[in-house]
Structure formats: structure tokens, C-alpha cells
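K.L.:
generate coordinates for the sequence data below:
(one chain, ligands or ions: 4)
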Amino acid sequence: FAPSAFTAKPTTALQGFSSKVFETQEVSFADTKETIVKGGRDLFPLLPKAFEGIERIGVIGWGSQAPAQAQNLKDSLAECGADIKVTIGLREGSSSWEQAKEVGFSEDEETLGEMFDVISKSDLVVLLISDAAQAKLYKEIFEAMKPGATLGLSHGFLLGHLDSIGEKFPEDMDVIAVCPKGMGPSVRRLYEQGKEVNGAGINSSFGVHQDVSGKATDLALGWGIALGSPFMFETTLRSEYKSDIYGERGILLGAVHGIVESLYRRYQRQGMSPEQAFLESSESITGNIVKIISTQGIKAVYDSLNDEDKVTFQTAYSASYKPAKEILQEIYDEVSSGNEIRTVIMHGARLDRYPVGKIDGTDTWKVGEKVRAERDEENIPLNPFTAGVYVATMMAQIDVLLEEGHPYSEVVNESVIEAVDSLCPYMHYRGVAFMVDNCSFTAKTGSRKWAPRFDYILDQLAYTAVDNGAAINEELIADFEKHTVHQAVEECCKLRPAVDISLFAETSTKEIVIQ
Ligand SMILES: NC(=O)C1=CN([C@@H]2O[C@H](COP(=O)(O)OP(=O)(O)OC[C@H]3O[C@@H](n4cnc5c(N)ncnc54)[C@H](OP(=O)(O)O)[C@@H]3O)[C@@H](O)[C@H]2O)C=CC1
Ligand SMILES: CC[C@](O)(C(C)=O)C(=O)O
Ligand SMILES: [Mg+2]
Ligand SMILES: [Mg+2]
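P.N.:
Ligands and ions are numbered 1, 2, ... in the order given. Model (predicted):
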């Protein structure tokens, strides 16, 4: 196995963009340059121009993203004095109705209503119902939209579905996507924290799929700035759905879950108590490793180890990289072939009979609850074996995305920043389900499907290799040390202020309901 012998496909063809409203900035990532727009509250006065012609924004749904996006949009537009009504649209009999009312949306003020009615009255329809529901209802949604209205998505999933059935968006409408690279509750939480720190928030990618009006780019950028994104980077809807569906099945959710389960068992087999095993696996990742990555980058995890621990890291890294990459490449292929999109849609159709199950009732997470209750935040160990497995999987995820031609900004956000800034803090706070089940239906189903695959392959191939005395793969370690992604992570991190998400009992998180 020669890790450096890959041929990367050319970077996904970005359309390139310019803005009439916001300043753009060029950023160098390794041997490539990308154009981005930096966000910040100081840009709010420009929002009325970006939203020109928009009188009503219909935010459809109330899952993970909608509560965050609707409230952030409402607050930002109010702050800049824009006369734009943010209205929530829900299906008849929706159990979310009361929750939307609790945060100030109401029928009386015409800021809460039946979804098709809201869609028909909106100039920008921000479609935040589940991806499976979008695939089921898209025809009625397109028909309900008024002429000249813009369709706003936070995912490329619907395009992936339309591609696979040979259909297209109606040609006469603008279609844009603003895709926060973090779960909904973190989009709201960091926005609230950002009231004190200019620019704190969750980065978003944006894509302009159809621009009939000539205003689509500025509207997308304005939407991202109003959400509080520290920076917005360009993507295409196809590149977005591939990287997003892949990323959440990988290190963001599925892989980290599988890694913890496999290590928790391994450490007990080696003689640790369940509590110690949880501390050395899950806690080590969420309470130590990701914090180092968030502030100093991926390689700093390795650099912080002493010589003996470096050897343990190298051993775990060498044994884990290839098995993890095998599953990751399989996920990528399943996503880009359309198979994974079909899986999500079929699961959506079975949901009444087979609801999404509980993932944290097992021994691992029961012990985790106990460990969290007694946690000494300052003394969480950095287990070098755990670090080797986790970092190898993260690097394998990065390599697959780069080999498949994704731009660095997308790779870094979808494999590193989202994990360490948005998701792992939730797992650290209240366990794996609190992280996974605050994400989309697409992510929840995919994480449940792929986590066991990471668990098994690590157990079956990586740990057995270590136990059988497999040698360190020097070439692989050298590739890791000089990897181009380290500079890209550093650049991306410079573009956001250093704010750790602070979670406490009263988060703005929508309560997780496992049906
Ligand atoms: N979760 C996240 O943080 C992120 C999500 N996204 C994308 O944002 C979009 C929304 O995802 P997310 O917020 O997670 O929501 P979910 O995937 O959890 O979907 C929940 C919402 O879908 C609604 N819904 C489900 N079925 C139907 C139906 N048949 N008719 C009408 N409404 C229905 C639910 O309605 P009800 O309230 O009535 O149950 C609920 O409001 C997706 O495109 C997703 O990929 C993008 C970035 C991050
Ligand atoms: C990681 C899961 C996610 O893609 C997200 C929060 O970005 C989702 O679909 O929920
Ligand atoms: Mg995502
Ligand atoms: Mg997703």
C-alpha cells in the first residue's frame, strides 16, 4: 500500500463568483486559491441591499436547522432595520407548532402558518423540512411557489434526487443553497455568543444553482451573513451533497461513534475498568483531542506527545488509516452513485413502521453518563492510541475528499472544523445521541448505518494488526506530517474568531424526540 501514490481528480469545477454587495477575499490553500466572503455583524447594514426585493422569507420546517436559521435571520434583519417578515411554515398538525410559538412566531402576526400557504406567499422559500420529505413533496412545493420567488436550500440532496430520476428544478426560478457546516443548535448558540464576539458562528458553504434574476449570489451571501457565518465559501450543490452526506457518515458522526465503541471494548479487554475505558476513548477524543485540533490544528495532537506516546500513536495510525479509508471510500461511492440518497428516501418511507431507534441505551453510554457526572475537565487524558485511530480516520476522510476533487474549504469544514467546533462539543456535553440526534434525519439514519462498519473494521483489521505486531508504516506517517491540509486548516481557523461553543442546560437545542 503506497499512501502517496494517489492521483487527485481536478478540483470540483467552481463557477467562480463576484458580489455587488460584499467584499470578497482570496485565500491560498496549499497549491490552490479560493474566493471567500468573510462574515461578521459589522456587515449587517449591507443586508437590506442583499435582500432587495424580498418582503417575506418563508422558513419551512422546524427540525434542527429551521429554529436556528429562522431566529438568526429574524434577529439579524431586525438589527439592520430591514422590513422583512420571517414566517414559519409547518405541515398541518405538526408537533412543532407550539415550539415555534414559544420563541415568538405566531398566527396572529402572520409569522406562522400552514407550509403550502407560507410557501405561496414567500419571496424566499428556505426549505428546511427533512431531505426525505423534500424528495416526496418537491412537485407540490415548486407548484406552490409564486412567480419570481427564490428556492433556498441548506443541502444539495434534492438536486441529487432530481439527478437520479432525470428531473430538474423549474427553469424560471433562482435556486440557491446556504449550507451551515454545523448542526442547527450550534448555529443558534454560536450566533448568540457572537453578539459579544464579532464573527463568531458556523461557517457556511453556498451554491448558486440557477440565477434567473441576476441577484442570486448576493442573496445567498446575505443569507449566510445573517446566519452569523464567520466565512462563506463557494461550492456547487453536487459537491455539497456528496461531501455533506459523506462527512456525516464519516468522522463527523458515524466514524467517531464507531471508533469509541471499538476502543471502549478494546481497552476493557486489556484490563481497564469500564469507567477508565470510557475516559481513554470517548472522553479523550471529545475533551482533549478535538480541543487541541480546534485551537492548534491536527498535527499538534501528535506534536504534543512524548517520544514513547508518539510510537503508540504511529502504531495506531498505521494500522487504522487503510481500514478506515476503505469504508470511507465505500461511503463516498455509495453517496456519489445516488445509492445513499435512495437509502435515506426509503428509510423516510418506512419511518411510520420503523422509527429511528435509541443509540445511547447501551453500556458504553450509561457508563459515559457516570463518567461525565464525575468529570474533572482539566485532567482528561490524551490517550495516544485513541489519538492515532481518530486522527488516522480524519486524515483518511480528508484524503478521499481531496482525491475526489473537493476544494480545501469544503474538505476542512466537512472533516475538521465541524467535528471540533460544532459536533463533538455536544457529544462531550451529553453523549453520542445528543450529537447525532440533533442532526438531520439524513445524518441520523446514515450515522446509524455506518458507525458499526467503522467499529467492526477497526476491530477486525486495525487492532488485530497491532496485536500481531504490525510494523509502523513510515511512509504513511511522513505523509501525515507533511500533509497539505495542515496549512489549509490553519488558514480556515484564522478566518474565525477563537470562540468555544459554551453549552449548558438551557441551550437553544430543540428537545430530542426519539419516536
Ligand atoms: N441538521 C442540521 O444541522 C443540518 C441540516 N441541513 C439540512 O437542512 C434541512 C433540514 O434538516 P433538519 O433541520 O435537520 O431537519 P430534519 O431532517 O430533522 O427534518 C425535520 C423537519 O422535517 C419536517 N417534515 C418531515 N416530514 C415532513 C413532511 N412529510 N411534510 C412536512 N414536513 C415534514 C418535520 O416536520 P414536523 O416539525 O412537523 O415534524 C421537521 O420540521 C435538510 O436539507 C438538511 O440536510 C443542513 C445543514 C445542517
Ligand atoms: C453533520 C450532520 C449534518 O450534515 C450537519 C449538522 O451539518 C446534518 O445533516 O445534520
Ligand atoms: Mg452538514
Ligand atoms: Mg448533513
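
K.L.:
tell me how far the lengthiest helix in the chain is from the chain's mean position?
P.N.:
Ranked by number of residues, the top helix in the chain under DSSP state H is helix 307-336. Distance, stretch centre to chain centre, for helix 307-336: 20 Å (CA atoms, centre = their mean, to the nearest Å).

K.L.:
mean confidence score for that helix?
P.N.:
Mean pLDDT, computed over helix 307-336, is 98.

K.L.:
which other helices and strands contact that helix?
P.N.:
Packing contacts for helix 307-336, counted by 3 or more CB pairs under 8 Å, 6 or more residues apart in numbering; DSSP states H and E, involve helix 237-247, helix 254-269, helix 339-350, helix 384-403, helix 441-457, helix 464-467, helix 474-481. Any C-beta I mention is one placed from the backbone N, CA and C, and that applies to glycine too.

K.L.:
wait, does that helix contact ligand 2?
P.N.:
No. Against ligand 2, helix 307-336 shows no contacts by CB under 6 Å from any ligand atom, the least distance being 12.0 Å.

K.L.:
do stretch 45-63 as well
P.N.:
No. Judged by CB under 6 Å from any ligand atom, stretch 45-63 stays clear of ligand 2, getting no closer than 8.9 Å.

K.L.:
and the end-to-end length of that stretch?
P.N.:
In stretch 45-63, first residue to last residue: 29 Å (CA to CA, to the nearest Å).

K.L.:
does ligand 1 sit close to it?
P.N.:
Yes. Residues of stretch 45-63 contacting ligand 1 under CB under 6 Å from any ligand atom: 61-63.

K.L.:
now do the buried residues in the longest helix of the chain.
P.N.:
By neighbour count on 16 or more other CB atoms under 10 Å, the buried set for helix 307-336 is 309-310, 312-325, 327-329, 331-332, 334-336.

K.L.:
find the nearest non-adjacent residue to the residue in the stretch 401-515 of the chain that ligand 1 sits nearest to, please.
P.N.:
Ranked by CB to the nearest ligand atom, the top residue of the stretch 401-515 of the chain for proximity to ligand 1 is Ser440, at 3.0 Å. Leaving aside its chain neighbours, Ser440 sits nearest to Ser64 (6.0 Å; criterion: CB to CB, 6 or more residues apart in numbering).

K.L.:
follow-up on the earlier one: a markdown table for the helices and strands packed on helix 307-336, including mean neighbour count and mean pLDDT?
P.N.:
What follows is those, written out as a markdown table (neighbours: other CB atoms under 10 Å; pLDDT from 0 to 100):
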| stretch | mean neighbour count | mean pLDDT |
| --- | --- | --- |
| helix 237-247 | 27 | 98 |
| helix 254-269 | 24 | 98 |
| helix 339-350 | 17 | 98 |
| helix 384-403 | 26 | 98 |
| helix 441-457 | 22 | 98 |
| helix 464-467 | 15 | 98 |
| helix 474-481 | 16 | 98 |
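
K.L.:
include distance to Val489 when you put these into JSON lines, please.
P.N.:
Listed next are the helices and strands packed on helix 307-336 as JSON lines, based on distance: least, CB to CB, whole Å:
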{"stretch": "helix 237-247", "distance to Val489": "15"}
{"stretch": "helix 254-269", "distance to Val489": "18"}
{"stretch": "helix 339-350", "distance to Val489": "27"}
{"stretch": "helix 384-403", "distance to Val489": "9"}
{"stretch": "helix 441-457", "distance to Val489": "22"}
{"stretch": "helix 464-467", "distance to Val489": "27"}
{"stretch": "helix 474-481", "distance to Val489": "13"}
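
K.L.:
of all those helices, which lies closest to ligand 2?
P.N.:
Nearest of the helices and strands packed on helix 307-336 (CB to the nearest ligand atom): helix 441-457, 3.5 Å.

K.L.:
let me see the residues that make contact with that closest one.
P.N.:
Helix 441-457 is touched from outside by 63, 130-132, 155, 157, 245, 248-250, 252-255, 257-259, 261-262, 323-324, 326-327, 330-331, 340, 343-344, 347-348, 356-357, 359, 393, 436-437, 439, with contacts defined as CB atoms under 8 Å, 6 or more residues apart in numbering.

K.L.:
now, which of the residues you listed lie close to ligand 4?
P.N.:
Contacts with ligand 4 are made by Glu248 out of the contacts of helix 441-457, judged by CB under 5 Å from the ion.

K.L.:
what about the protein, any weak spots by pLDDT?
P.N.:
Residues of the chain meeting the criterion pLDDT under 70: 1-13, 498-499, 504-515.

K.L.:
from Phe441, how far out is the residue of it found nearest ligand 1?
P.N.:
Using CB to the nearest ligand atom, the closest approach of the chain to ligand 1 is made by Gly63 at 2.4 Å. According to CB to CB, to the nearest Å, Gly63 and Phe441 sit 7 Å apart.

K.L.:
in a markdown table, list the residues of stretch 45-63 next to ligand 1 along with neighbour count.
P.N.:
Shown next, in a markdown table, are these (neighbours: other CB atoms under 10 Å):
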| residue | neighbour count |
| --- | --- |
| Gly61 | 25 |
| Trp62 | 27 |
| Gly63 | 18 |
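
K.L.:
just give me the closest of these to ligand 2.
P.N.:
Ranked by distance to ligand 2 (CB to the nearest ligand atom), the residues of stretch 45-63 next to ligand 1 are led by Gly63 at 8.9 Å.

K.L.:
doesn't the closest one fall inside a helix?
P.N.:
No. Counting by DSSP: H, G, I helix; E, B strand; the rest coil, Gly63 is not part of a helix but coil.

K.L.:
in this structure it contacts Leu127, no?
P.N.:
No. Assessed by CB atoms under 8 Å, Gly63 is found out of contact with Leu127, at 11.4 Å.

K.L.:
still on that earlier bit, residues contacting the residue of the stretch 401-515 of the chain closest to ligand 1?
P.N.:
Per CB under 8 Å, 6+ apart, neighbours of Ser440: 63-65, 130-131, 155, 248.

K.L.:
tell me how far the residue of the chain closest to ligand 1 lies from Lys242.
P.N.:
22 Å.

K.L.:
burial count for Ser422?
P.N.:
Around Ser422 there are 27 other residues, counting by other CB atoms under 10 Å.

K.L.:
name the nearest residue to it, ignoring sequence neighbours.
P.N.:
Leaving out its chain neighbours, the residue that sits closest to Ser422 by CB to CB, 6+ apart is Gly182, at 3.1 Å.

K.L.:
give the helix, strand or coil label for that neighbour.
P.N.:
Relying on three-state DSSP, one would call Gly182 coil.
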